[in-house]
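Visitor: After the sequence you'll find the predicted model.
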Amino acid sequence: MHNMAIALKEEGHQISGSDDNFFEPSKSRLAKHGLLPENTGWNPDAITPDIDAIILGMHAKGDNPELQKAKELGLKIYSFPEYIYEHSKNKQRIVIAGSHGKTTVTAMILHALKTLGHDFDYAVGAQLDGFETMVRLSDSAAFIIIEGDEYLTSALDPRPKFLAYKHHIAVLNGIAWDHYNVFPTYEGYVGQFEKLSLATPKAGTIIYQELDPEVKRIAEANEGDLLKFPYSKPKVEIKDGTTYVIHEKEKFPLQIFGEHNLQNLAGAQKVCERLCVAPEDFYKAMQSFTGAGRRLEKLSETADKIVFRDFAHSPSKVKAVTEAVKAQYPNKSVTACLELHSFSSLNKEFIGQYKGAMDSVDTAIVYFNPKTVASKNLEPITDEQIQQAFGRQDVVVVSDSSILKDKLNEVKGVSLLMSSGNFDNIELT
């Protein structure tokens, strides 16, 4: 939302807003652009008839006093994805979806297009090197690249966000059960991606990851009048710790690694090819791609220790990232630390989905804050329940951030820190 505010101000609009709390980095960035409200909290008096439109954030509740005032005044109210669509309804819309990898695929596409000098709009869920904001909405670009989330659109709209964008091209990258609080059954969760596939218009395109059985089933079951392009991963070789992608006998060194990143790369390449980018130009551009923020992001490297950070929090993401790091550093000791922070990961009904997710690493640490469990109105969880859920009796369970900091400082070799939160703000390097 704060990136949307900055992007709209950059386009010349008059922007104001409010929230019940402000966190970094959004607080500093809003202040930098003169958009940080003087006061925290809700002020219905700020909602006046001269406002052209309200953009409603995903976490605003239905009883929000400013929202109620806007409805009383009959103001135009958009959710975040509805406004993206409204601004881009005369553009070609490419939506990148999937339980995991959608941010990275989107970031790869944006990096390639920018490196090659294309004009485009975008909305992506991570800060990227070379991009001031995570949202761009211009009058000049002919198309927009959108990271499509399956989470609910807003308090007024229970649709998955990705349906609101009304795509021309959809990418289905990988499906693994997530958002247990919204989709309490696996079938209900997968059904959202089926809706996305079926929403593809006549003469539209589905680009899908054929190694994922659910994705393959959903894409191939759609018998509509549309184009389908499967992808898996490019031909590669790994030499001296560097992964090279091979295209027509030419080798392109990459700064990324791991099976899932290579699958993401294949998906991004298929999209760029639909946008008239030649494969060799795409791979040349990707040589300088270092990754999306908090997606296998290298925080530090010394002679005896390398530290990576990743947004991984769902079971499939944790498994994929830990396996990728261990495969890249087979001769080093790898310690993985996962913070249980999301509603799903802290739910006793769901936590068993993590069984085997950290088996590939030498040392597994799981951290959670009991206050976070309580704040989500969930039942307390015990160390024994976590050990049983992960299927490793040697998993180290920590619930005190100061103890966690001491343990991480003792680690040598490779450290992988995974969370959708922030480890309660401890120093990570």
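Guide: Yes, it's here. Residues are numbered from 1 along each chain as shown.

Visitor: Other residues contacting stretch 230-238?
Guide: Contacts with stretch 230-238, where a contact means C-beta atoms under 8 Å, 6 or more residues apart in numbering, come from 207-211, 216, 219, 243-247, 251, 257, 259, 262-263, 265-267, 269-270, 328. C-beta here means a position set from N, CA and C on the backbone, and glycine is covered the same way.

Visitor: same thing but at 6 Å, please
Guide: Outside stretch 230-238, the residues that touch it by C-beta atoms under 6 Å, 6 or more residues apart in numbering are 208, 210, 211, 243, 244, 245, 246, 262, 263, 266, 267, 270.

Visitor: Who wins on neighbours among these?
Guide: In terms of neighbours by other C-beta atoms under 10 Å, the contacts of stretch 230-238 top out with residue 267 at 30 neighbours.

Visitor: Wait, that residue touches residue 106, no?
Guide: No - counting by C-beta atoms under 6 Å, residue 267 does not reach residue 106; the two are 9.8 Å apart.

Visitor: sorry, back to before: which two among the contacts of stretch 230-238 are spaced furthest apart?
Guide: By the measure C-beta to C-beta, 208 and 244 form the most distant pair in these, at 25.7 Å.

Visitor: Let me see the domain layout of the chain.
Guide: Segmentation of the chain into domains, based on automatic domain parsing, reads 2-75, 82-286, 297-425.

Visitor: any chance of the ones you listed in JSON lines, plus mean pLDDT?
Guide: Listed next are those as JSON lines, based on pLDDT from 0 to 100:
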{"stretch": "domain 2-75", "mean pLDDT": "94"}
{"stretch": "domain 82-286", "mean pLDDT": "94"}
{"stretch": "domain 297-425", "mean pLDDT": "93"}
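
Visitor: just to revisit the earlier point, give me the subset of the contacts of stretch 230-238 lying in helices.
Guide: Using DSSP state H, the subset of these located in helices is 262, 263, 266, 267, 270.

Visitor: For the stretch 1-150 of the chain, just list every one of the strands.
Guide: Applying DSSP state E, counting those that start in this stretch to the stretch 1-150 of the chain gives strands spanning 54-56, 77-79, 92-97, 121-123, 135-136, 143-147.

Visitor: same deal with the stretch 201-350 of the chain?
Guide: 205-209, 227-231, 235-239, 242-247, 250-254, 297-301, 305-310, 334-339.

Visitor: between the ones you listed, which one is nearest to residue 193?
Guide: strand 205-209 (10.0 Å).

Visitor: what's that closest one packed up against?
Guide: If contacts are counted by 3 or more C-beta pairs under 6 Å, 6 or more residues apart in numbering; DSSP states H and E, strand 205-209 sits against strand 169-172, helix 213-221, strand 227-231.

Visitor: Pick the most buried one from these.
Guide: strand 169-172 (a mean of 26; mean count of other C-beta atoms under 10 Å).

Visitor: which outside residues touch that strand?
Guide: In contact with strand 169-172 (C-beta under 6 Å, 6+ apart) are residues 94-97, 196, 200, 205-208, 215, 219, 267.

Visitor: go again using 7 Å as the cut-off
Guide: Under the criterion C-beta atoms under 7 Å, 6 or more residues apart in numbering, residues 94-98, 105, 193, 196-197, 200, 204-209, 215, 218-219, 267, 271, 274 lie in contact with strand 169-172.

Visitor: Mind pulling up the pLDDT for residue 295?
Guide: Residue 295 is assigned a predicted lDDT (pLDDT) of 82.

Visitor: Return the residues in contact with it.
Guide: By C-beta under 7 Å, 6+ apart, the residues touching residue 295 are 103, 104, 126, 310, 311.

Visitor: Just to check, the second one is in contact with residue 263?
Guide: The reference is to residue 104. No - applying C-beta atoms under 7 Å as the test, residue 104 and residue 263 come out as separate, 9.6 Å apart.

Visitor: neighbours of residue 164, just the number please.
Guide: Close neighbours of residue 164, defined as other C-beta under 10 Å, add up to 23.

Visitor: nope, residue 50 is what I meant
Guide: By the measure other C-beta under 10 Å, the count of residues near residue 50 is 6.

Visitor: what's the answer for residue 57, then?
Guide: 17.

Visitor: and it, how far is that from residue 4?
Guide: From residue 57 over to residue 4 the distance is 9 Å, taken as C-beta to C-beta, to the nearest Å.

Visitor: All set, thanks.
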